Every structure is written in structure tokens, then in C-alpha cells.
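Asks: Okay, sequence plus prediction incoming.
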Amino acid sequence: MQPEKPAGAADSDEALCEKGRAGDDEALSILLKRYSREIFDKAGSLYCHRQERDDLYQEGMIALLRAALTFDADRGASFRTYALTCVGNRFRDLLRKESGKPLSVSMEDAELPHSDGPENEIIARDELHRLSEWMQKSLSEKERSILLCYLSGMSYAEIAQKQGCDVKSVNNALLRARKKLKH
């Protein structure tokens, strides 16, 4: 007897993105599960002496979540292409910042095998739960609200308008959130 799959598990990545933008946490959890092994493997392949694999993985999962919330199917790319590009760009930015110089290797050229299974679902759910707990525990309400707006693709100006503050306050809140994320 096959274990019962969660509702939405058969949905396309693009459909899950749409549900996630509408507030369906289960859809986002399924997406995180689908890509968690690839992001973990990619983080491991890029490990450098000063950057922890787990830190890269966490940054990759955040980039994936942001990709899910900002994906636009009308732009012609599949979610997979868009998401892995976003994750690769985030990794490259972090590693470039770490080394102080541009990377010479194109990370988009490396295609990783896609694997699915119950262990990935557990990893994705755990990661989403950890991220949610971390945000609740570590961030102020304002930082959390601003971070969620930022992850949904809003510009600093749009966030400032929505939050009733200036762009500098948005920038400062995001800097504090990033700093807390690293610790």
C-alpha cells in the first residue's frame, strides 16, 4: 500500500507557486521538498573554507522561497529554470562577497539530478518549520513583515509605502534580519 501523498503533491511547480502566492503554506512546503536535495547538493559542491555548507543551504532555501513568491509564468521560463537560476545567483553573490572577487565558474551550467521521496518531504517540512520558527523567535514584528514583503518581490519603495516608513528603515530592517540569519 502506497503512503498517501499530500494534497497538491501532483501539481506542477508553476501551480504550486500560484497557490503559494495565494497563501497556501502546504504548496510552498511541497516546492521546498521538491528542490531541497538539489539545493543541499549544490551547496555542498560549492563549499569553500570559510562558508559553511548549512549556511549556503539555508540561503538557497530562502532564495527558492523568494523565487516561488516572485515567479511569473508569463515571462516564458519554467519555474525550475527560474528557481535554480535564483538559487545559483544567490550562491554566487555569497561566494563572491566571501572571496572579494567575481567567480569564474558559471553555476547555471551545472545540472543536478532531480530526486523525490519521503526524505525530501521531511527535509522540506523541517526547513520550512525551522525558518518559520526562526522568524518568529529572532525577528521583530516589523522585521518579519518587511522580510516577507521583500521575499514576495516587493521593491524597497513599495515596502516602505506599505509599512508607512521610509526606504532607509526598510533597508535597515532587512540588514538586521540578514545579520540575525547568519548567527
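Replies: Nice, I can see it.

Asks: Only C-alpha atoms from now on, for both contacts and neighbour counts.
Replies: OK.

Asks: I'd like the distance from stretch 30-41 to the chain centre, please.
Replies: 10 Å (Cα atoms, centre = their mean, to the nearest Å).

Asks: which regions of this protein sit below the pLDDT cut-off?
Replies: When residues are selected by pLDDT under 70, those of the chain lie in 1-9, 46-52, 98-129, 181-183.

Asks: Secondary structure element holding Ala160?
Replies: Counting by DSSP states H and E, the element that carries Ala160 is helix 156-163.

Asks: then that helix to PDB, C-alphas only?
Replies: Provided in PDB are the C-alpha atoms of helix 156-163 (Å, rounded to 0.1, in the frame of the first residue of the first chain):
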ATOM      1  CA  TYR A 156      12.100  48.800  -1.100                       C
ATOM      2  CA  ALA A 157      10.000  51.700  -2.100                       C
ATOM      3  CA  GLU A 158       6.800  49.500  -2.300                       C
ATOM      4  CA  ILE A 159       7.600  48.000   1.200                       C
ATOM      5  CA  ALA A 160       8.200  51.500   2.600                       C
ATOM      6  CA  GLN A 161       4.900  52.700   1.300                       C
ATOM      7  CA  LYS A 162       3.000  49.600   2.600                       C
ATOM      8  CA  GLN A 163       4.700  49.800   6.000                       C
END
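
Asks: Buried residues in that helix, which are they?
Replies: Going by neighbour count (16 or more other Cα atoms under 10 Å), the buried part of helix 156-163 is 156, 158-160, 163.

Asks: same question, stretch 131-145
Replies: Quick answer for stretch 131-145 (16+ other Cα under 10 Å): 131, 135, 139, 143-145.

Asks: Check stretch 74-85 too.
Replies: 79, 82-85.

Asks: Now that stretch - C-alpha only, CSV.
Replies: Extracted in CSV, the C-alpha atoms of stretch 74-85 (Å, rounded to 0.1, in the frame of the first residue of the first chain):
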residue,chain,number,x,y,z
ASP,A,74,4.2,34.8,-18.5
ARG,A,75,7.9,35.5,-18.8
GLY,A,76,8.5,32.3,-20.7
ALA,A,77,10.8,30.3,-18.3
SER,A,78,9.8,27.2,-16.4
PHE,A,79,9.8,27.5,-12.6
ARG,A,80,12.7,25.1,-12.4
THR,A,81,14.8,27.2,-14.6
TYR,A,82,13.9,30.4,-12.8
ALA,A,83,14.3,28.9,-9.3
LEU,A,84,17.7,27.3,-10.0
THR,A,85,18.9,30.5,-11.6
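
Asks: Number the residues from 8 up from this point.
Replies: Sure, I'll start counting at 8 from here, so that last one is stretch 81-92.

Asks: give the contact list for the closest residue to Ala180 other than its chain neighbours.
Replies: With Cα to Cα, 6 or more residues apart in numbering as the criterion, Ala180 has its nearest non-adjacent residue at 5.3 Å, and that residue is Glu150. Contact analysis of Glu150 by Cα atoms under 8 Å, 6 or more residues apart in numbering lists 180-181, 183-184.
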